[in-house]
Each structure stands twice: as C-alpha cells, then as structure tokens.
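Visitor: What shape does this take:
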Amino acid sequence: MRIVAGKHANRELTSPGKRVRPTAERIRVAWMDWLAEEIKGARILELFAGTGAVGLEALSRGAWSVDFVERDPAAFHSLKANVAKLRERNHTRIFKRDAIPFLAGIDDDGYDLVLADPPYNSAVSKLLVDRWKAIKFSPLLAVEHATAQDMPKGDRTLDLHETTITLYKQAVK
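Guide: Here you go, the predicted model:
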C-alpha cells in the first residue's frame, strides 16, 4: 500500500494486516481524482480512517489538514505510524473514537469535506448520512460503500464496479 500522487507519491504505508480492509489503490486514485478541486486547501475529516490512506492521499494532493477518526487499536497504531512516517503531524489530528459518537462534538461547518469508508453493507453508512444532514458539520460528504448497498440518494456518484462513492452536498446557506 502506497501514496499514489502528490508530494508523498510512492511512499509506502504501514498496514495492520487482514483485520482492516484498506481502500484499494485504484479506488483511492479514482476517488481523489474525482474530488481533486474539493481537496485543494480543504480541512478534511476522515471517518473510519483505518490506516489513514485516503486522508493521507488527500494531504499529499494539497489538502490543508486532515483529522482522522479510528477506533480499532491495530488500525489506529498503523494510522499513527503512517502520519509519523510522512511527517504530517502539523497538518493532522488523530482521534481514537467511534465515528458516529465523535460527530456529536463537531461544530457546524467544522470541515470542508468529510471522507468516510464505513464497513461495507452496515447500517452505519445510512446513519452517517442522517447525522451529516442533521449536524451540518461539512458542506460535502463522500462515502465509499458497496455498489449493491442501499444508500440515500446523493448529488453525484462514482461507480467503480463493486464499489461506489456517493457525494452528498449541503444546500448553500
């Protein structure tokens, strides 16, 4: 697993092993290319961060900062190692928490973009979208999920065969 593009291109990342399903490289590339304009200079929140590969790819491509939320101890350890390896401590914060309860403490418009890769086919994906609509902590939410999963209708989708990324946009105030 590696960073694909930007200032950290080709840097290898640490993975905790088979317990965590990191976003595949081809998915990350498509996701970051698709959201390239939204990423530049953005304050990003990555939920269900795992190894941090998605958020670190965004930092490599020009995001201003990324806050990571991950609860699994092995993934959390890998995430911390990856942030240190890339020397991105000044542009990141890492929270060892459950993603959904974490959202209760976020202010409105706390982030420019939220990237989320919850466990595939879990109810937490829909719960995340519902919380995002209620709390309004970011104008944009991008959720990676299984293509076959029933998700609330988004504003744009990126179909990558068995994986889909759905982008949700808040109405402008």
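
Visitor: What's opposite the residue nearest the centre of the chain in the beta bridge?
Guide: With distances taken as C-alpha atoms, centre = their mean, L115 lies nearest the centre of the chain, 3.0 Å away. Counting by DSSP bridges, L115 forms beta bridges with E46, A142.

Visitor: From I165, how far out is it?
Guide: Separation of L115 from I165 (C-beta to C-beta, to the nearest Å): 9 Å. Quick note: C-beta positions are derived from backbone N, CA and C, even for glycine.

Visitor: any shared contact partners between these two?
Guide: The contact sets of L115 and I165 overlap at 31, 142, 144 (C-beta atoms under 8 Å, 6 or more residues apart in numbering).

Visitor: R156: which of those residues is nearest?
Guide: Nearest to R156 out of those is A142 (C-beta to C-beta; 9.1 Å).

Visitor: tell me the contacts of that closest one?
Guide: 31, 35, 113-116, 165-168.

Visitor: Neighbour-wise, which one of the residues you listed leads?
Guide: Among the contacts of A142, L115 has the most neighbours (other C-beta atoms under 10 Å), with 31 neighbours.

Visitor: quick one: contacts for that residue?
Guide: Per C-beta under 8 Å, 6+ apart, neighbours of L115: 31, 44-47, 54-55, 58, 142, 144.

Visitor: and what of P152?
Guide: Neighbours of P152 in contact, by C-beta under 8 Å, 6+ apart: 126, 129-130, 168.

Visitor: How is it classified with respect to secondary structure?
Guide: Assigned by DSSP: H, G, I helix; E, B strand; the rest coil, the conformation of P152 is coil.

Visitor: repeat for T164
Guide: strand.

Visitor: burial count for it?
Guide: Count around T164 with other C-beta under 10 Å applied: 19.

Visitor: My read is that it contacts L158, right?
Guide: Yes: when contacts are counted by C-beta atoms under 8 Å, T164 is listed as touching L158 (6.7 Å).

Visitor: gap between the residue nearest to the centre of the chain and G17?
Guide: 23 Å.

Visitor: Also D117?
Guide: Taking C-beta to C-beta, one finds D117 at 17 Å from G17.

Visitor: Looking at the two, which one has more neighbours?
Guide: Shown here are D117 and G17; by other C-beta under 10 Å, D117 has more neighbours (25 against 8).
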